[in-house]
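Enquirer: Build me a model:
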Amino acid sequence: MIKKFIITGILCLVATSMNAQRKGLSLNLQSKEDTTVSPIVKEKVEEYAAKINGIIQEEKKQMETELKFLQEKNLDKAEFDKQKAHIADTYSQKIDEKIEALGFDLDQVIQKQVRYSLLNSDVTSNEELKEKLLKKFRPKKSFDGYISYGIMTLTNDKPDNDLDKNLGYANNFEFGLKFNYQFGRTSPWGLISGVGFSWRTVRPDNNMIFAKQNGDVFLTKYEGSLDKAKLRTGYVMIPLGFQYNFSKLKSAGMDVQYRPYSDGFRVGANVYGGIKMATNNIVKGDSQGFRDRSNYQVNPFVYGAQVTLSYDNISLFVKKDFSNFFKDSYFQNDKALVFGVALGW
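Expert: From the prediction side, this is the model:
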């Protein structure tokens, strides 16, 4: 069951990523050439090039006529080359003067291309330009995929129980979608939420395994050489909190300012809640091995708080459960504490 959730979640992330790429690459369904050069700029450059070509062809025809007359004079090679070079220089100068007389405004063309590169659209007025900028640099609202891994320990404010004394390595693996909602174009504050799939794995040490009898869960000694022993539980997690971005305001022109919400250094704080999907007790050794997906009294509901420090696409986080890892009196007061790293959060 847990494997199905893992595979389904990864496929969802891949599909989301591919869909985002398709949207980003097919806004206008144009060729690469059409989307990198402004249609207006392209039209003006082609028109200018056609006029230049016309000038060159006209002057070239006249120059060829003069060269033909020059050949008919039967001059020696040195004198012929000298007069030929003079004719070429004369027509080259005439071509330059005629091209200059066209009055091609390169600065205006460059300005149009810059605007097109920024907005992927030709604009004809400052009002339209500002409208395009406001639309392009609007507050961020998006779902972004993330993946995280953390080292987990179980805290206990009372005397250690059997699990505390025999706890080996524990970890938390999670992936999902994070929802970002920036409160304003220039606001450093935003709402964070989303949905994630979390797998928490506890591995006992000292050759101990999880066992149960008549519904009671406990640790017992494994008879033989133990290769693997872990109790893995999957949860659907829902976070809800706020993020503050320390990046500076940037100017897009036309008095339009914006703050990159997902770039630079950020601090986030959120609470979270989760509901259990399944538990799997995995034991492998020389005497016996098994996988048991029955009830091991792991808490069906979890809740807690998380603090996250992020820079661009990489985050460090600490999350602390306020709920017990196991329900009722089983391994009483053990609460999960996780230190980890995330990509995309």
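
Enquirer: quick one, what contacts Arg266?
Expert: Taking C-beta atoms under 8 Å, 6 or more residues apart in numbering as the criterion, Arg266 is in contact with Gln243, Tyr244, Asn245, Phe246, Ser247, Thr308, Leu309, Ser310, Tyr311. Bear in mind the C-beta positions are built from the backbone N, C-alpha and C, glycine included.

Enquirer: What's the local residue count around the first one?
Expert: Applying other C-beta atoms under 10 Å, we find 23 other residues in the vicinity of Gln243.

Enquirer: Which helix or strand contains it?
Expert: Using DSSP states H and E, Gln243 sits in strand 226-245.

Enquirer: so what does that strand touch, helix or strand wise?
Expert: Judged by 3 or more C-beta pairs under 8 Å, 6 or more residues apart in numbering; DSSP states H and E, strand 226-245 is in contact with helix 2-25, strand 167-182, strand 189-204, strand 208-213, strand 265-285, strand 301-311.

Enquirer: 6 Å - rerun?
Expert: Using 3 or more C-beta pairs under 6 Å, 6 or more residues apart in numbering; DSSP states H and E as the contact test, the elements touching strand 226-245 are strand 189-204, strand 265-285.

Enquirer: chain center to that strand: distance?
Expert: 22 Å (C-alpha atoms, centre = their mean, to the nearest Å).

Enquirer: roughly how far apart are Gly190 and Lys228?
Expert: If you measure Gly190 against Lys228 using C-beta to C-beta, to the nearest Å, the figure is 42 Å.

Enquirer: And those two? Which one has more around it.
Expert: Taking other C-beta under 10 Å, Gly190 and Lys228 do not tie; Gly190 has more neighbours (24 against 11).

Enquirer: Okay, angle between the strand holding Gln243 and strand 208-213 too, please.
Expert: 100 degrees (axes from the mean of the first three to the mean of the last three C-alpha atoms, to 10 degrees).

Enquirer: Give the buried residues for strand 226-245.
Expert: Residues of strand 226-245 classed as buried: 226, 229-235, 237-239, 241, 243, 245 (neighbour count, 16 or more other C-beta atoms under 10 Å).

Enquirer: Just give me the closest of those to Gln288.
Expert: For the buried residues of strand 226-245, the minimum distance to Gln288 (C-beta to C-beta) is 10.2 Å, reached by Leu226.

Enquirer: still on that earlier bit, the strand holding Gln243 - what's its average pLDDT?
Expert: Strand 226-245 shows a mean pLDDT of 96.

Enquirer: what are the pairing partners of that strand, and which direction each?
Expert: Sheet pairing of strand 226-245 (DSSP bridges) gives strand 189-204 (antiparallel), strand 265-285 (antiparallel).

Enquirer: so how far is Gln213 from Tyr169?
Expert: 26 Å.

Enquirer: ok, those two, which is more surrounded?
Expert: Tyr169 (13 against 8).

Enquirer: Apart from its neighbours in sequence, what residue is nearest Phe317?
Expert: Distances taken as C-beta to C-beta, 6 or more residues apart in numbering place Thr308 nearest to Phe317, at 4.3 Å, with adjacent residues excluded.

Enquirer: That neighbour: neighbour count?
Expert: 22.

Enquirer: Please name the bridge partners of it.
Expert: Counting by DSSP bridges, Thr308 forms beta bridges with Gly268, Phe317.

Enquirer: if I pick it, what's in contact with it?
Expert: Listed by C-beta atoms under 6 Å, 6 or more residues apart in numbering, the contact set of Thr308 reads Gly268, Ser315, Phe317.

Enquirer: if I look at it, how far off is Ala269?
Expert: For Thr308, the distance to Ala269 - C-beta to C-beta - is 7 Å.
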